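In: need coordinates for the following:
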Amino acid sequence: MTPDAPNQFSSIFYQKPINTVHFKARFDVYLGSKDSGADGIVFAFVREPGLGIEGYGGQMAFLTGLDGYGIEFDTFPTRGGTPGNQPDRENHVGVSKAEPGTTVGKGFALYQNDDLPHDLERGYWLSAEVHFTSGHVQMWMSRSSLPWARELVIEYTIPDWQDYEAYLGFTAATGGSYNAHRVDNVAFSGVDPGIRQNWHVDASAPESGDGQSWETPFKTIQRAMNIAFDGDIVTVAPGTYLENIDFGGKNIVLQSKDPLDPDTVDNTIIDGSQLGPVVAFTGTEVGTCVLSGFTIRNGSAYTGGGISGGWRWDTHTRATILNNTITDNLAEEGGGVSYCDGIIKSNRITNNEAKKQGGGLYGCDGMIMGNTITDNRCTGPMGGGGALNFCGGLIANNQISRNVSGGYAGGLYLCGGTIQSNLITHNSAGMMGGELYGGDGIIINNTIVENEAGAGYDGGGLYQYSGTIMNCIIWDNVPEQLVDCSMPTYSLIQGWSEGGEGNKSYVSDLFVYGEGDYHLHPDSRCIDSGRRPYPIASGLDMDGHLRIVEKYITSNPLVDMGAYEYNSKPFEITEFNLRPNGTRRIVWSAQPDDTYTIWWRKHSD
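Out: All right, here's what the predicted structure looks like:
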């Protein structure tokens, strides 16, 4: 908008007005790097487009002569506490009013915020997102590489507001100093900020459109994400997208056309070209932010080669990650996924590599549920966790198999929380803990078989676990099943002779016939041998069936050992009938302590 020279000024406006009842705007701003206080930029919403009074910047070419309001990015103090205004400090954002006839130095500063984490004149592009509803202004700013996590920097209601048809645009000026001013990635929307918009992406389109339909899609995913606002949905057509995408703190839904279809997932590919994490979050996103239905591959980063959930160890996203294939990624920590504390569900996390810790996942403390975590590796000789490292939430109903660590724990390393109803097999470590090393949470109803520690080392199964071990099948691990662990209960442990309530050391007909099938044999003594009452966390077995079957819903229900509940089934209504007294009876396969809600509608005959 202005070159790097003194006494420069300009404006640019969209030529179709938008009613100020509702609008949203998203843009990037660049305010130079001179630290010289060269006026600044205003995002303006005025009754008529134009340019403020010229000469020495004209107060960012906005406050002197236009008619309306604006959000200023101000780098020079010019209004030293004039009547009715706040004192003007450099390096602030704020809300200002412009009126025809206003002279230099007499603009109206309604609100200012100079408590910003970074100087605006740092030579960086800064991202801004504005939501406006009848005089109520909200603006967020962010810059992932500073790092500056998405932060609400303006929340202000303009007094005595009256809606009008506004032209949206930008003004800028340098005053008597030097700085380049620029704007980019601009998007306006005249809809209610609470309404979701749908954006479309298709790499095969002949040219990039406005993204509002499949006839005019964007060609790149990041372009759609830059335009999208919180709550919007970005849908991506099958194709290979050579991108390293960044959510930038936005709570949007990014999805393939059909996240539940394996063919769609296999053919909707985001390839990071080993230029960084394939998908990056800032760490401020919440559960309404969703990533679903992609193959995420060929990323390379220090943490999170496939998906990086934040830039720091103490900043973790809570985004929801569903139905993706995360494969062939490389990192020092977290080859597949790092720093994600939201729901990680029904993903295939395979063939990722970490040089230090966590071949599959690292530092993820949310709900890790229903995933296939296989063939990942931690290659460092002193590293840990071929599959998972430092994951402390609910780890349930996952298949964790054939993962390898050059150091400790082929499967899970120092994972706390609740580890429940997982099938954990054929993992191997170069040192101790073929399946698991360390931790102090609760391990319940897992099938832990055929894992292996390194030659000359202990603990093919569990090594130095100090938490609760309950209702598990721990079998055929090499060289031992448990070493230096707390006392298990109600578990089947091969060769066990240390006692403990409810433990068994031998059963015949343990699993059903067929290689690799770990469902219980009908004659297995593991059936109905788990601890009573059952301390439910997820309430489901490895198949997603109810852990407590219908016939055992009592004050002292019976459960099985291991990851699979024998002869169980999914939730279902088993009876619905009209009784002689005119009432209706409904019976369903409930779980103890669960809460159920029933809706009904009366129909006339």
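
In: quick check: closest non-adjacent residue to residue 236.
Out: Nearest residue to residue 236, sequence neighbours excluded (CB to CB, 6 or more residues apart in numbering): residue 201, at 4.5 Å. No exception for glycine: its C-beta is placed from N, CA and C like everyone else's.

In: my error: substitute residue 71 in the last question.
Out: Closest to residue 71 by CB to CB, 6+ apart is residue 43, at 4.6 Å.

In: same thing with residue 279?
Out: Distances taken as CB to CB, 6+ apart place residue 307 nearest to residue 279, at 4.7 Å, with adjacent residues excluded.

In: run a quick neighbour tally on the one you found.
Out: Using other CB atoms under 10 Å, residue 307 has 31 neighbouring residues.

In: and it, its phi and psi?
Out: Backbone torsions of residue 307, given as degrees, to the nearest 10, read phi -130, psi 120.

In: and the pLDDT at it?
Out: Listed pLDDT for residue 307 reads 98.

In: would you mind measuring from it to residue 329?
Out: Going from residue 307 to residue 329 by CB to CB, to the nearest Å gives 8 Å.

In: same deal with residue 519?
Out: 32 Å.

In: and stretch 201-219, what's buried?
Out: By 16 or more other CB atoms under 10 Å, the buried positions in stretch 201-219 come out as 201, 202, 203, 205, 208, 209, 211, 217, 218, 219.

In: can I get those residues in JSON lines with pLDDT?
Out: Conversion of the buried residues of stretch 201-219 to JSON lines gives the following (pLDDT from 0 to 100):
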{"residue": "201", "pLDDT": "98"}
{"residue": "202", "pLDDT": "98"}
{"residue": "203", "pLDDT": "97"}
{"residue": "205", "pLDDT": "96"}
{"residue": "208", "pLDDT": "92"}
{"residue": "209", "pLDDT": "91"}
{"residue": "211", "pLDDT": "92"}
{"residue": "217", "pLDDT": "97"}
{"residue": "218", "pLDDT": "96"}
{"residue": "219", "pLDDT": "97"}
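
In: show me where the stretch 101-250 of the chain has strands.
Out: With strands called from DSSP state E, counting those that start in this stretch, the stretch 101-250 of the chain shows them at 108-113, 125-133, 136-143, 148-157, 165-173, 182-189, 198-201, 233-236, 239-242, 245-246.

In: sorry, back to before: closest to residue 444 out of the buried residues of stretch 201-219?
Out: residue 201 (42.4 Å; CB to CB).

In: show me what contacts the closest one?
Out: Residue 201 sits next to 211, 217-221, 223-224, 234-237, 241 when contact means CB atoms under 8 Å, 6 or more residues apart in numbering.

In: pick the one among these closest to residue 581.
Out: Closest approach to residue 581 among the contacts of residue 201 (CB to CB): residue 235, at 51.6 Å.

In: does the nearest residue to residue 473 once chain neighbours are set aside belong to a helix or a strand, and which?
Out: By the measure of CB to CB, 6+ apart, the closest residue to residue 473 outside its immediate chain neighbours is residue 562, 4.1 Å from it. Residue 562 belongs to no helix or strand when assigned by DSSP states H and E.

In: retrieve the pLDDT associated with residue 562.
Out: 95.

In: what is the neighbour count of it?
Out: Counted by other CB under 10 Å, the residues lying close to residue 562 total 33.

In: was I right about it contacting residue 444?
Out: No - with contact defined as CB atoms under 8 Å, residue 562 does not reach residue 444; the gap is 10.5 Å.

In: and the closest residue to residue 542 other than its chain neighbours, how far is that from residue 413?
Out: Closest residue to residue 542 apart from its sequence neighbours, by CB to CB, 6+ apart: residue 563 at 4.0 Å. Residue 563 sits 20 Å away from residue 413, going by CB to CB.

In: let me see the contact set for residue 163.
Out: 19, 20, 21, 134, 135.

In: from those residues, which is closest to residue 117?
Out: Nearest member of these to residue 117, counting by CB to CB, is residue 135, at 27.1 Å.

In: can I assume the closest one is in contact with residue 164?
Out: No - applying CB under 8 Å as the test, residue 135 and residue 164 come out as separate, 10.6 Å apart.

In: are there residues contacting both of these two? Which ones?
Out: Residues touching both residue 135 and residue 164 (CB under 8 Å, 6+ apart): residue 20.

In: related to what we said a few turns ago, dig out what the residue nearest to residue 279 forms beta bridges with.
Out: residue 279, residue 337 (DSSP bridges).

In: on that earlier part again, quick one: the residue nearest to residue 71 is in a strand?
Out: Yes - counting by DSSP: H, G, I helix; E, B strand; the rest coil, residue 43 is part of a strand.

In: verify the stated contact: it with residue 25.
Out: Yes - with contact defined as CB under 8 Å, residue 43 reaches residue 25; the gap is 6.7 Å.

In: please name the nearest non-neighbouring residue to residue 209.
Out: Nearest non-adjacent residue to residue 209, counting by CB to CB, 6+ apart: residue 216, 2.9 Å away.

In: distance of that neighbour from residue 199?
Out: 11 Å.

In: what does residue 354 give?
Out: From residue 354 to residue 199 the distance is 34 Å (CB to CB).

In: more crowded one of the two?
Out: Each of residue 354 and residue 199 has its neighbours counted (other CB under 10 Å); residue 354 has more, 33 against 25.

In: contact partners for the spatially most central residue of the chain?
Out: The residue lying closest to the centre of the chain (CA atoms, centre = their mean) is residue 319, at 2.2 Å. By CB under 8 Å, 6+ apart, the contact set of residue 319 is 247, 281, 285, 286, 287, 289, 290, 291, 309, 340, 342.

In: how about 7 Å then?
Out: Shown in contact with residue 319 (CB atoms under 7 Å, 6 or more residues apart in numbering): 281, 285, 289, 290, 291, 340, 342.

In: so which of these are in strands?
Out: Among these, the ones falling in strands (DSSP state E) are 290, 291.

In: between the contacts of residue 319, which sits nearest residue 432?
Out: Using CB to CB, the contacts of residue 319 come closest to residue 432 at residue 340, 27.2 Å.

In: number of residues surrounding that closest one?
Out: Other residues close to residue 340 by other CB under 10 Å number 31.

In: that one against residue 321, yeah?
Out: Yes - applying CB atoms under 7 Å as the test, residue 340 and residue 321 come out as touching, 6.2 Å apart.

In: so what sits against both of these two?
Out: By CB under 7 Å, 6+ apart, the residues touching both residue 340 and residue 321 are residue 307.

In: pull out the buried positions in stretch 173-188.
Out: For stretch 173-188, by 16+ other CB under 10 Å, it's 173, 174, 175, 177, 178, 179, 180, 181, 183, 186, 187, 188.

In: I'd like these written out as TSV, with pLDDT and distance to residue 488 added.
Out: Converted to TSV, these look like this (pLDDT from 0 to 100; distance: CB to CB, whole Å):
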residue	pLDDT	distance to residue 488
173	89	73
174	87	72
175	81	74
177	83	72
178	84	72
179	87	67
180	90	67
181	93	67
183	96	63
186	91	61
187	86	57
188	86	62
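
In: between the residues you listed, which sits nearest residue 462?
Out: Among the buried residues of stretch 173-188, and counting by CB to CB, the member closest to residue 462 is residue 187, at 52.6 Å.

In: so where's the stretch 501-605 of the chain shaky on pLDDT?
Out: By pLDDT under 70, the weakly predicted segments of the stretch 501-605 of the chain are 513-515, 533-537, 549-557, 571-572, 574, 589-596, 599-605.

In: can you pull out the strands in it?
Out: All strands of the stretch 501-605 of the chain, identified by DSSP E, counting those that start in this stretch, fall at 573-578, 584-588.

In: most packed of those strands?
Out: Neighbour counts (mean count of other CB atoms under 10 Å) averaged over each of the strands of the stretch 501-605 of the chain peak at strand 584-588, with a mean of 11.

In: pairing partners for that strand, with directions?
Out: Take DSSP bridges as the rule and strand 584-588 pairs in its sheet with strand 573-578 (antiparallel).

In: alpha carbons only: can I get the strand it pairs with in PDB?
Out: C-alpha atoms of strand 573-578 as PDB (Å, rounded to 0.1, in the frame of the first residue of the first chain):
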ATOM      1  CA  ILE A 573     -32.700 -51.600  22.200                       C
ATOM      2  CA  THR A 574     -33.800 -55.100  23.100                       C
ATOM      3  CA  GLU A 575     -37.500 -54.600  23.800                       C
ATOM      4  CA  PHE A 576     -40.100 -52.000  23.000                       C
ATOM      5  CA  ASN A 577     -43.700 -52.900  23.500                       C
ATOM      6  CA  LEU A 578     -47.100 -51.600  24.700                       C
END
